[in-house]
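A.B. asks: Quick one: sequence and predicted model below, then my questions.
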Amino acid sequence: MTVKPPADKVSIPERAPVPLWLLAELTYACPLQCPYCSNPLELPKSRSSELTTEQWLDVMQQARKLGAVQLGFSGGEPLVRPDVELLVQEGSKMGFYCNLITSALGLTTERITALKNAGLNHLQISFQGSDQETNARFGGSDSFVHKLAMTKEVIRQGIPLGLNFVLHRHNIHQVADFLALADSLGAEFVELANTQYYAWAMHNREQLLPSRQQLQDAEAATNKFRDTSGSRMKVFFVAPDYYDDRPKKCSNGWGTTFITVTPDGDVLPCQSARIIPGLEFPNIRTQTLRDIWLDSTLFQRFRGTAWMQEPCASCPEKLIDLGGCRCQAFMLTGDAASTDPVCSLSPLHHVVTEITDAANAQASSQSSTPAQPLLFRNTSNARKLSAKKETSTS
Amino acid sequence: MSSTLDFARDTFKINPRYRLQWEDAQQCHVLLYPEGLVKLSGTAAEILGRCQQPTRAAELIAELQREYPAADTLADDVMEFLTHARQQEWIKRTED
């Protein structure tokens, strides 16, 4: 006798991966102008192409059915949208663990209360520097005092809070100060996230990449804090992978864990996949999330190991890093299916060491004037970049 | 700052920052926390499910032993798991 499984259990093949994470990029709009932003270089002309509240609720429901449990609201600055509280409330009801990733601009005491009542599980506030001047310089907005006030208010209202400090050559020396600040505010988690070089950060890489010495000093300061401060604050240090000799998995493995939905509804395996040429990017307005996740050529393209070339294909470590980041492989080698050149086994690893050598040389020459100024993320600079691109391709 | 949870003395429960829930798509319980999750084995979920309300190690073991009288290493297994759960901060002293 065969027993037929219930209908809702047969719809997903047994070995299909479950997308545990839905990252909802609610908008690309942001009051900050960080020069290391991972959002696309092109800024949308208006916000009219953004998904509506109803469309977001539908995406969330579809993701939940596929098994997603973590939901991140990010952007841009998600608080630019007035419906964040409603999305958090509905997300909580659906059974998601809701995370809000914000600069704190747009946050008020009232909105914190509303988010808490909506069931927000975790809020992360980013800092661009450990003091007012540095924070204003790299965020392009004098927001330090407001960030401090909102950090205290989130803690006071009892929402689990993490602080995120994005590191680069011009602020990485502030790690000890930032940890002391975060600890004095009472943060539960701190992420010291070295800039990863995509989009605006990639454009500004020459001015942002720290030297190996700077990186080692920052790690030493972090370890000293962990060993001597007696603080219970959890500190995560994310190194820039250019200084590693093995690459990082792309989003825990392309099409294994993460679904990113962009403000205009494109569904991506990682935030920056749209830079890879020759791929079609499915949109939630025209296809179901289930079809996109399971069957789209985009999600299948680099899932597993069958797509690999040498040296990855026969590498005993291939399941550890899955060949690294596809976007990085494309940006640095021109071929998205090649080994991420961060890997010392890549025949093109010298591309990365030349970049780090230049950063080390620049630091040791004490030159304070970079080759070209930092390009901040704003409409005017986006227009300039887009005009430059059109000139060079015409 | 509070001292470490003492199993001989303290009552404890799941860290309020964590959430235990059953996931159909994965056919297992998961423990959710800021930006992450842990998939739990049936045994781990059985133990943590009993930590939703304040409990003590001895009470928890006695309760499980009544339910699974044939499990002869149960007390050691539970203590091993609770020690791990304490280290991971999945459980906390009730008064913290």
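C.D. replies: Perfect, I can see it now. Residues are numbered from 1 along each chain as shown, chains lettered A, B, ... in the order given.

A.B. asks: who touches residue A:145 in this structure?
C.D. replies: Residue A:145 sits next to residue A:132 when contact means CB atoms under 8 Å, 6 or more residues apart in numbering or on different chains. (Glycine included, C-beta is placed from N, CA and C.)

A.B. asks: Can you say which helix or strand has it in it?
C.D. replies: Here residue A:145 sits within helix A:144-157, counting by DSSP states H and E.

A.B. asks: Can you check the pLDDT for residue A:12?
C.D. replies: Per-residue confidence (pLDDT) for residue A:12: 42.

A.B. asks: again but with residue A:303, I slipped
C.D. replies: So, for residue A:303, pLDDT stands at 95.

A.B. asks: is it fair to say it lies in a strand?
C.D. replies: No. Counting by DSSP: H, G, I helix; E, B strand; the rest coil, residue A:303 is not part of a strand but coil.

A.B. asks: quick one: contacts for it?
C.D. replies: A:17, A:253, A:254, A:255, A:256 are the contacts of residue A:303 under CB under 8 Å, 6+ apart.

A.B. asks: Kindly report the same for residue A:83.
C.D. replies: Here residue A:83 is in contact with A:53, A:56 (criterion: CB under 8 Å, 6+ apart).

A.B. asks: What pLDDT is listed against it?
C.D. replies: pLDDT recorded at residue A:83 is 98.

A.B. asks: any idea how far it is from chain B?
C.D. replies: Per CB to the nearest CB, to the nearest Å, residue A:83 is found 22 Å from chain B.

A.B. asks: just residue A:181 next, same as before
C.D. replies: Distance from residue A:181 to chain B, by CB to the nearest CB: 19 Å.

A.B. asks: Show me what counts as buried in the helix or strand hosting residue A:381.
C.D. replies: Assigned by DSSP H and E, residue A:381 falls within helix A:379-393. Neighbour-count burial for helix A:379-393, counted by 16 or more other CB atoms under 10 Å in any protein chain shown, picks out A:381, A:382, A:385.

A.B. asks: returning to what we had before: tabulate the contacts of residue A:303 in TSV, adding columns for neighbour count.
C.D. replies: Conversion of those to TSV gives the following (neighbours: other CB atoms under 10 Å in any protein chain shown):
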residue	neighbour count
A:17	18
A:253	19
A:254	24
A:255	23
A:256	18
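
A.B. asks: As CSV, these with pLDDT would be great.
C.D. replies: Shown next, in CSV, are the contacts of residue A:303 (pLDDT from 0 to 100):
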residue, pLDDT
A:17, 89
A:253, 94
A:254, 96
A:255, 95
A:256, 95
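
A.B. asks: which one of the residues you listed is nearest residue A:337?
C.D. replies: residue A:254 (11.3 Å; CB to CB).

A.B. asks: Near chain A, which residues of chain B are found?
C.D. replies: By the rule CB under 8 Å from any CB of the partner chain, the part of chain B lying against chain A is B:1, B:17, B:19, B:21, B:23-26, B:30, B:32-37.

A.B. asks: List only buried entries from these.
C.D. replies: B:17, B:19, B:23, B:25, B:30, B:32, B:33, B:34, B:35, B:37.

A.B. asks: and the fifth one, which of the three is it?
C.D. replies: For residue B:30, the secondary structure call by three-state DSSP comes out as strand.

A.B. asks: Kindly tell me how buried the closest residue to residue B:16 other than its chain neighbours is, as a neighbour count.
C.D. replies: Take residue B:16 and drop its neighbours on the chain: the residue closest to it by CB to CB, 6 or more residues apart in numbering or on different chains is residue B:92, 7.6 Å away. Residues near residue B:92, counting by other CB atoms under 10 Å in any protein chain shown, number 20.

A.B. asks: is it true that residue B:92 touches residue B:11?
C.D. replies: No. Look at residue B:92 against residue B:11 with CB atoms under 8 Å: they stay out of range, at 10.2 Å.

A.B. asks: Contacts only, for residue 42.
C.D. replies: As the question left the chain open, I've gone with chain A. Residue A:42 neighbours (CB under 8 Å, 6+ apart): A:382, A:385, A:386.

A.B. asks: Actually, chain B is the one I wanted.
C.D. replies: B:28, B:29.

A.B. asks: Quickly note the distance from the closest residue to chain A within chain B to residue B:41.
C.D. replies: The minimum distance from chain B to chain A, using CB to the nearest CB, falls at residue B:25 (2.7 Å). Separation of residue B:25 from residue B:41 (CB to CB, to the nearest Å): 17 Å.

A.B. asks: what about the chain, any weak spots by pLDDT?
C.D. replies: Using chain A. Across chain A, the ranges flagged by pLDDT under 70 are A:1-15, A:366-371, A:392-394.

A.B. asks: Switch to chain B, please.
C.D. replies: B:1-3.

A.B. asks: quick revisit: let me know the closest of the contacts of residue A:42 to chain B.
C.D. replies: Looking across these and measuring by CB to the nearest CB, the closest to chain B is residue A:382, at 29.2 Å.

A.B. asks: how deep is the residue nearest to the closest one when sequence neighbours are not counted tucked in, by neighbour count?
C.D. replies: Spatial nearest neighbour of residue A:382, excluding adjacent residues (CB to CB, 6+ apart): residue A:43 at 4.1 Å. Neighbours of residue A:43 under the rule other CB under 10 Å: 19.

A.B. asks: Show the contacting residues for residue A:43.
C.D. replies: Counting by CB under 8 Å, 6+ apart, residue A:43 has contacts A:28, A:377, A:378, A:379, A:382.

A.B. asks: ok so, going back, does the residue of chain B closest to chain A really touch residue A:66, like I thought?
C.D. replies: Yes. Assessed by CB under 8 Å, residue B:25 is found in contact with residue A:66 at 6.5 Å.

A.B. asks: Which residues are in contact with residue 31?
C.D. replies: In the absence of a named chain, chain A is used. A:77, A:80, A:103, A:105, A:106, A:141, A:143.

A.B. asks: Can you look at chain B instead?
C.D. replies: B:18, B:19, B:20, B:37, B:38, B:40, B:48, B:90.

A.B. asks: Over to the third one. Which of the three states is it?
C.D. replies: Per three-state DSSP, the local secondary structure of residue B:20 is strand.

A.B. asks: so how far is stretch A:278-291 off the chain centroid?
C.D. replies: Centre-to-centre, stretch A:278-291 and its host chain are 21 Å apart (CA atoms, centre = their mean, to the nearest Å).

A.B. asks: And the residue of the stretch 101-250 of chain A that's closest to chain B?
C.D. replies: Counting by CB to the nearest CB, the stretch 101-250 of chain A gets nearest chain B through residue A:122, at 3.7 Å.

A.B. asks: give the contact list for that residue.
C.D. replies: Residue A:122 neighbours (CB under 8 Å, 6+ apart): A:97, A:98, A:99, A:100, A:159, A:160, A:161, A:162, B:34, B:35.

A.B. asks: which helices and strands sit right next to the helix or strand containing the third one?
C.D. replies: Taking DSSP H and E as the definition, residue A:99 sits inside strand A:97-102. Of the remaining helices and strands, those touching strand A:97-102 by 3 or more CB pairs under 8 Å, 6 or more residues apart in numbering or on different chains; DSSP states H and E are strand A:70-74, helix A:84-94, strand A:122-127.

A.B. asks: right, so these: which one is the most enclosed?
C.D. replies: strand A:122-127 (a mean of 25; mean count of other CB atoms under 10 Å in any protein chain shown).

A.B. asks: Given that one, what are its sheet partners and their directions?
C.D. replies: If you go by DSSP bridges, strand A:122-127 pairs up with strand A:97-102 (parallel), strand A:161-167 (parallel).
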